[in-house]
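K.L.:
What follows is a protein structure lacking sequence information:
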C-alpha cells in the first residue's frame, strides 16, 4: 500500500469541500453517494467507515475523510485485497493517535469479558437448552393501497428534482430515512439497485414509489427484502429514459423524400403557361411536403437547421404566390396562402422552441459554474 502523496491530499480536500461539510464535518448521508458509487460490498464499506471514524461520532472530519477515501481507492484499484483490521501507522494523523489508543483500550476489556463469559458458561452449564428458532420475517406485499400511494407520492414530491423531473440517490435516501427511521443505508442500497437496473444517476416516479413501498414494509413490520422485482414492475423500471446528453443521436430524424411526378412539377418560369389550378395545387402540396406529423418531426430536430429549411420553403411559396397573382391564368391561390400561413405559424413555434432551449442552456451553464465555484 503506497503512502499518501501531497497531490492525493489536495484531491481529497477538493472532494471534501465540494460535499458542503457542516462545522467542518461530513455526515454519513454526505458521503453516502461516494460509498455507493464505489460498488464495494456494504460489509467492506462499513468496516472502512469504522476505521476512518476514529472519534466514533458517526461523522468524518477532513483527516478521517482522507483515511476513508484512501482505503476506498485502494480497494477499488486493487492495491489491497482486503480492508486491514487496523490502520497502518502512516495513515493515522498525529492528532488522532491518542484517540485511536483510547479506542483500542476501550474495546479490549469488552473482548476479554466476552471470552471469560463464554468459558464460564461452558464450564458451569452442563445442560444446553435448545432454543426455538426465530420465525422468518414476513414476505413483502407488492399491492399498493391508494392511501399508501398518496403517502409515497408526497414523499417523492418533497424531494429536490433534477431538470428532467427525476430524483437522484441522496435526496431520496434522506427523505426515506426521515419518514422511516428504522431503514438502514444497506436496505436502501439493496432496493436502489433493484429499481435502477440500468445503474443511472437518477430514477423517475414509478421506480421511486416501488422503492418507498418496499422500505415502508421493512420499517413497519421487518419484511424480508426481495431478491427481485415482479415482472410487471421490472418492465416499468427497465423502460428507456430520454437521454439529455448533447452527443446523443437518439433525436436524429431520417426524413423520406417524396417522389413526385415530374410532369406535374411547376417552377416559377411555368407560372404563365396556363396550367390548371388543380395541377398547380397538387404540385405545391408535393413541393412543400408539409403536414402536422412532419411539423412535429422538425420541432424535434436541430432548431437552427429546421428554421432555415422552413424559411427557405416560406420564401419559395411567396415567390410562387406572387407569380400566380401576376399571371393571366385562373389560379386559386387560396391553398398557397394557407400553406404560407402554416409555414409562418411553424416558424413562430420554432422561434419559441429555440428561445426556450437557449434559456435552458443558460441555466445549465449557470448551475455548472456554481458547482465549480
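P.N.:
It's in. Being a predicted model, the structure only gives us computed values, none of them experimental.
K.L.:
quick one, what contacts residue 207?
P.N.:
Contacts here follow CB atoms under 8 Å, 6 or more residues apart in numbering; on that basis residue 207 touches 195-196, 236-237. For every residue, glycine as well, the C-beta is placed using N, CA and C.
K.L.:
ok, so what distance separates it from residue 237?
P.N.:
Separation of residue 207 from residue 237 (CB to CB, to the nearest Å): 5 Å.
K.L.:
all strands for this structure, in order.
P.N.:
For the chain, strands defined by DSSP state E occupy the ranges 26-27, 59-60, 167-168, 202-203.
K.L.:
Output the lowest mean pLDDT helix or strand found in this structure.
P.N.:
Of all regular secondary-structure elements in the chain, judged by mean pLDDT, DSSP states H and E, the least confident is helix 277-288 with a mean of 40.
K.L.:
Surely residue 339 is in contact with residue 317?
P.N.:
Yes. Between residue 339 and residue 317 there is a contact under CB atoms under 8 Å: 5.6 Å.
K.L.:
Can you list the buried residues in stretch 309-319?
P.N.:
By neighbour count with 16 or more other CB atoms under 10 Å, stretch 309-319 contains the buried residues 310, 313-314, 317.
K.L.:
Can you add pLDDT and distance to residue 167 and give those residues back as CSV?
P.N.:
What follows is the buried residues of stretch 309-319, written out as CSV (pLDDT from 0 to 100; distance: CB to CB, whole Å):
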residue, pLDDT, distance to residue 167
310, 73, 38
313, 74, 43
314, 75, 43
317, 73, 47
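K.L.:
Reformat those residues as a markdown table; add distance to residue 139.
P.N.:
Listed next are the buried residues of stretch 309-319 as a markdown table, based on distance: CB to CB, whole Å:
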| residue | distance to residue 139 |
| --- | --- |
| 310 | 59 |
| 313 | 63 |
| 314 | 65 |
| 317 | 67 |
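K.L.:
from these, which is closest to residue 71?
P.N.:
residue 310 (59.0 Å; CB to CB).
K.L.:
Next up, the contacts around the closest one.
P.N.:
When contacts are counted by CB under 8 Å, 6+ apart, residue 310 touches 298, 343, 346-347, 350.
K.L.:
Residue 171 now?
P.N.:
For residue 171, the contacting residues are 159-160, by CB under 8 Å, 6+ apart.
K.L.:
Can you report how many residues lie near residue 224?
P.N.:
Around residue 224 sit 12 other residues, with neighbours defined as other CB atoms under 10 Å.
K.L.:
pretty sure it is touching residue 190, no?
P.N.:
No. The pair residue 224 and residue 190 does not pass the contact test of CB under 8 Å, sitting 10.9 Å apart.
K.L.:
how is this protein carved up into domains?
P.N.:
If you go by automatic domain parsing, the domain ranges for the chain are 6-99, 146-237, 262-372.
K.L.:
Residue 105 is nearest to which of the ones you listed?
P.N.:
Taking CB to CB, domain 6-99 is the member of the domains of the chain nearest to residue 105, at 10.6 Å.
K.L.:
remind me which residues of the stretch 151-300 of the chain are low pLDDT?
P.N.:
Counting by pLDDT under 70, the low-confidence segments of the stretch 151-300 of the chain come to 240-300.
K.L.:
And the stretch 1-150 of the chain, by the same measure?
P.N.:
Filtered on pLDDT under 70, the stretch 1-150 of the chain yields the residue ranges 1-2, 106-135.
K.L.:
repeat that for 80
P.N.:
By pLDDT under 80, the low-scoring segments of the stretch 1-150 of the chain are 1-4, 96, 100, 103-136.
K.L.:
can you give me the helices in the stretch 51-200 of the chain?
P.N.:
The residue ranges that make up the helices of the stretch 51-200 of the chain, judged by DSSP state H, counting those that start in this stretch, are 62-76, 97-124, 146-157, 169-179, 185-195.
K.L.:
follow-up on the earlier one: overlap in contacts, residue 207 and residue 237.
P.N.:
Jointly contacting residue 207 and residue 237 under the rule CB under 8 Å, 6+ apart are 195-196.
K.L.:
All good on my end, thank you.
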